[in-house]
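Asks: here is a sequence with its predicted model. Questions after.
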Amino acid sequence: MKFFINHLFRGVFFAGLASIGADCPGACRMNVPSKAVCIVQNEPSQCVKLKECTLNELNCERWRQKIPLLGRVKLERCSLIRTPTGSGGCAPQPPKCPNTNCSHDKVIHCVQAAGKQCRLLTNCETQRDNCSRPKNNQLTRIRASACRGIKRSDGFKPCVKQKKKKKKKSTIKKVISG
C-alpha cells in the first residue's frame, strides 16, 4: 500500500509539473530557439540571463501563485555574463540623458557615425545623441563636403567621398631632370 501511495504521489507531482507550461503562452520546447532576455534580481547588482520562454514559464507560475512578475531590462545589462544563460554582476546603466530642447541651436554641422554614415545635425543634437551612444559609436564632426547632397531630413546616409587631387610635378624636378 505504501508503495502504491508513493507512486501515486510521484505521478500526480510530475503530472502537475508537466502541466505548468501546458497552458502558458511561450512555453519552452525542445529544438525551438528562444532569444535571450535579462532580468535583475532583488539586489540591483545581480542580473540573470535566460531564455525568453523560460521567463514566460516562470512568470506564468508566479501569476498563478499571485506573486509579482519578473520584469525584463535591456539585454546590455547582462553583457558581463558570457554564457548564453546564467547569472552574474550587472553592467552599469548608461547615464540618463537630459531631455534637451535643441530648437535654439541653428548652426548645422556634418557629423559621422561609425561605418562611414553621415548626417546633418546641430551641436546640441549631436551632444544629445552622443549621450545615449556607446563610446565606440560616438558622432564626430567632420568636413562639410562629406554631407554634400544630404538634406537635414534625410537621416544617416553614406558619406560623400572626397576626390583625391593629383599631385603636380614639381618644377624643380623638371629643371634637374631636364
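Replies: Perfect, thanks for sending it. Numbering: from 1, shown residues only.

Asks: how many neighbours does the residue lying closest to residue 122 once chain neighbours are set aside have?
Replies: Nearest non-adjacent residue to residue 122, counting by C-beta to C-beta, 6 or more residues apart in numbering: residue 105, 4.0 Å away. For every residue, glycine as well, the C-beta is placed using N, CA and C. If you count neighbours by other C-beta atoms under 10 Å, residue 105 ends up with 16.

Asks: equivalent analysis for the one 10 residues further on, please.
Replies: Residues lying near residue 115 (other C-beta under 10 Å) number 9.

Asks: ok, residue 50 touching residue 37?
Replies: Yes - counting by C-beta atoms under 8 Å, residue 50 does reach residue 37; the two are 6.4 Å apart.

Asks: next, the residue sitting nearest the centre point of the chain: phi, psi?
Replies: The chain has residue 76 as the residue nearest its centroid, 5.9 Å off, counting by C-alpha atoms, centre = their mean. Backbone torsions for residue 76, taken as degrees, to the nearest 10, come to phi -60, psi -30.

Asks: one more: residue 30?
Replies: phi -60, psi 140.

Asks: gap between it and residue 84?
Replies: 16 Å (C-beta to C-beta, to the nearest Å).

Asks: okay, these two: which has more neighbours?
Replies: With neighbours defined as other C-beta under 10 Å, residue 30 and residue 84 compare such that residue 84 has more, 9 against 4.
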